[in-house]
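>>> A structural model of the following input is requested.
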Amino acid sequence: MVVSLLHSVFDFLAFKNDIQFWNKNKSMEGLSAKSFIVNFICQLIVFLYLLENENSWMILASSGVGCCIEFWKIGKAMHIEIDRSGKIPMLRFRDQESYAKNKTKEYDDLCNEVSFVYTLLSGCMFLYILFEV
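The predicted structure is shown next:
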């Protein structure tokens, strides 16, 4: 019970500091906007996994709050618009001006290209191992 209590306290402090940083932050210089989307997707997968395994409400609440904060950070890092031009409304993400005008975007785009190649090679290796056995 003490470990769960300490974990909850540390989670609360981490959430508090994360929110304080993003409320004060006005520039995206040095921060990868696309990594926020990846972090949100990872956090959502963890939350859905915990939800499926019927964990305690304390763990679910902590993961759920973390997921909401990650989505909020996407909103702070990028402009989110709802595109209703098609049959299904979709979210459209645009870079903020402070992000689009600095070198971080160039490095972020380069990293995305490299990560695409890495993901492709990892998938090929997975298929090789799967069918080799």
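
>>> Averaged pLDDT, the one helix or strand G75 maps to. What do you get?
Per DSSP states H and E, G75 falls inside helix 57-77. Across helix 57-77, the average pLDDT comes to 87.

>>> I'd like the numbering to begin with 25 instead of 1 from here.
Done: numbering now begins at 25, and the last item shifts to helix 81-101.

>>> helices and strands around that helix, which ones?
With contacts taken as 3 or more CB pairs under 8 Å, 6 or more residues apart in numbering; DSSP states H and E, helix 81-101 sits against helix 26-48, helix 57-76. Bear in mind the C-beta positions are built from the backbone N, C-alpha and C, glycine included.

>>> so which of those helices comes closest to F150?
Across these, F150 has its closest neighbour in helix 57-76 (17.4 Å, CB to CB).

>>> Now the closest one: buried residues?
Of all the residues in helix 57-76, those buried under the rule 16 or more other CB atoms under 10 Å are A57, K58, F60, I61, N63, F64, Q67, L68, F71, L74.

>>> now the last one: how far from F39?
The one in question is L74. 17 Å (CB to CB, to the nearest Å).

>>> got the buried residues for the longest helix anywhere in the chain?
Determined from DSSP state H, the single longest helix within the chain is helix 127-156. Of all the residues in helix 127-156, those buried under the rule 16+ other CB under 10 Å are T128, K129, D132.

>>> ok, the last one touching S56?
Yes - contact criterion CB atoms under 8 Å: D132 and S56 qualify, at 4.8 Å.

>>> check contacts around M25.
M25 makes no contacts at all, as judged by CB atoms under 8 Å, 6 or more residues apart in numbering.
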